[in-house]
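> Sequence and predicted structure, then a few things I'm wondering about:
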Amino acid sequence: MPDITGEFDVTMTPETLSDTAAQSGLGRLSLNKRYHGALDASGQGEMLSVRAAVAGSAGYVALERVEGSLDGRHGSFYLQHGGTMTRGTPTLSVTVVPDTGTQQLQGLSGRLAIRIEGGKHYYDFTYDISEAQ
């Protein structure tokens, strides 16, 4: 399974919630990303989040469509995000949604980790591309 690392830029824009969701205390953001390095791609998605009354505690879920090239293979795939922050301690899971790879990325599976260091965003992506079943 290849492991790749690179930098990415992200812009998060607040979006309007449905009437039902607006009453729940959720927040909704659109995601616009640009991945650099062995993952040379753009990503667009939606995120729902909630902040707890306790400082530093929150949760979010998101889906993101990534399109571009991965180690020279072209196509697109979806990432599913799930994260929590417990009084400042983060837990994050970002996985490739099964069977969403297109073109040369069919059969893609993997996990992506996100790091923020010195105000910059980095990804660590461990993936595999299996032959079509």
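The structure has been received and is ready for your questions.
> mind listing what M1 touches?
G110, T126, Y127, D128 (CB atoms under 8 Å, 6 or more residues apart in numbering). (Glycine included, C-beta is placed from N, CA and C.)
> Distance check, it against P98.
The spacing between M1 and P98, counted by CB to CB, to the nearest Å, is 16 Å.
> Same check on G25?
The separation that G25 has from P98, given CB to CB, amounts to 31 Å.
> I'd like to check what contacts the helix or strand bottoming out on mean pLDDT in the chain. Which residues are they?
Least confident helix or strand of the chain, by mean pLDDT, DSSP states H and E, is helix 19-22 with a mean of 86. In this structure, residues lying in contact with helix 19-22 by CB under 8 Å, 6+ apart are R28, L48.
> which stretches of the protein have low pLDDT?
Using pLDDT under 70 as the threshold, the predicted model of the chain has low-confidence ranges 132-133.
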